[in-house]
Structures are given as C-alpha cells and as structure tokens.
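**Student:** Build the 3D model from these lines:
(one chain, ligands or ions: 1)
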Amino acid sequence: MAWSLFRRKKPSRYMVFASDEAMQAWEGRLREAGLTYVGTHEQGANTYVVLRGDDPERAKAYLRAEPITREFYYVVVETPDGVWGADHLTLYLENLRPWQRDAGSATCSGVIEALINGTVNLEAAAQGIQDNFLVEVACGGCARTWIDGVGYQRVTAVRCPACAAVNRVDSSRFIVTRH
Ligand SMILES: [Zn+2]
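**Tutor:** Reported below is the predicted structural model:
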C-alpha cells in the first residue's frame, strides 16, 4: 500500500516463472484483461509487480481473480482513474482520486451494500494508514453495483461505471471502535 513512495524508482523488466507455459498463461490472462506489464521491483522485503490498463473495472476483476498467497507481495494496476492493487489480504485503492473529494457534483446518492475483503481496508482507513476503504456501491441512478473506495466517516463522490452518474456516498454508519 506504500507503492507511491517507490514510484520514482525505475522498475526492472524482470519476472521469474517456473516454466515457459506458466509465463505464457500469465501473459494470456493479462491480455484478456486488457493489461500490460510495466515491471517488477523490490523495496526492502516488498515486491511490487506493476501493470497498466485503461479500464479500472477490468483491472479490479483481474486482481480479484488472481489471489496472492505471499506476504509482502503486491500487484498494482495503474489506470487513468486511480491505482488499484492487491496483496495477500485484500484488494485496495492506493488513494482516492482528487475528484472524489468533491461530492458537490453528485447527481444522486449511492448506497453502500457491503464491505470488500472484510474490515481490512476499513480498519486501515480508520487508523489513517489509507485514505479510503473499499465497498460495494449501488448506483442511485441505475442500480448497478461496483467496487469503489470511499473515505472514512465522510461523504465521498464515486462514479458509476455503467451510467457514469456521480454518486454521493456517506460512510458515516461504518465506525471502528477503540477500546
Ligand atoms: Zn449508474
């Protein structure tokens, strides 16, 4: 989740596979998801595999379909609308996009239907480690549901991938208690 700290370091174009078949299968899954491989780099104990794609929805679907079993291993997808990543615990959105902070442009209200990957992201957001946590949102305009990041205890703007309506989403009913 600290990928932004390392963005300036030029990634190497280097991946290790057990076999040519495994490499070709991986490349095929990337192609199907509309993703390209940018590079892999290591920072301390952390390994970052960096991908790029035009469509955040396809990026999220890819990340959810490729579970990560190792700790300290991150797959991130740079998209024109945010950097999505996954580690062994959860899918995550690196940072809220700047436009998400202005819910004044919203034309409807979205409803939070579920937390994604349990409370991992919610707890990180409550502690200020991340500026968002992931939820499934239902569009107030067309009822389509999708995964997006919202701020903790605040109103956030999210954009429906189906009808493009900007929804205002209020996360104030999700509270992490401290004892
Ligand atoms: Zn919609």
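
**Student:** residue ranges of the helices in this protein, please?
**Tutor:** Per DSSP state H, the chain carries helices over the ranges 20-32, 56-65, 120-126.

**Student:** Quick one: name the residues of the protein near the ion.
**Tutor:** For the chain, the residues in contact with the ion (C-beta under 5 Å from the ion) are 139, 141-142, 144, 160, 162-163, 165. (Each C-beta comes from the backbone N, C-alpha and C, glycine too.)

**Student:** can you do 8 Å?
**Tutor:** Residues of the chain lying close to the ion by C-beta under 8 Å from the ion are 108, 139-144, 160-165, 167.

**Student:** follow-up on the earlier one: a markdown table for the helices of the chain, including distance to residue 177, mean neighbour count and mean pLDDT?
**Tutor:** As requested, these are arranged in a markdown table below (distance: least, C-beta to C-beta, whole Å; neighbours: other C-beta atoms under 10 Å; pLDDT from 0 to 100):
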| stretch | distance to residue 177 | mean neighbour count | mean pLDDT |
| --- | --- | --- | --- |
| helix 20-32 | 40 | 12 | 92 |
| helix 56-65 | 29 | 19 | 96 |
| helix 120-126 | 9 | 20 | 95 |
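
**Student:** so what's residue 111 closest to, chain neighbours aside?
**Tutor:** Nearest non-adjacent residue to residue 111, counting by C-beta to C-beta, 6 or more residues apart in numbering: residue 138, 4.7 Å away.
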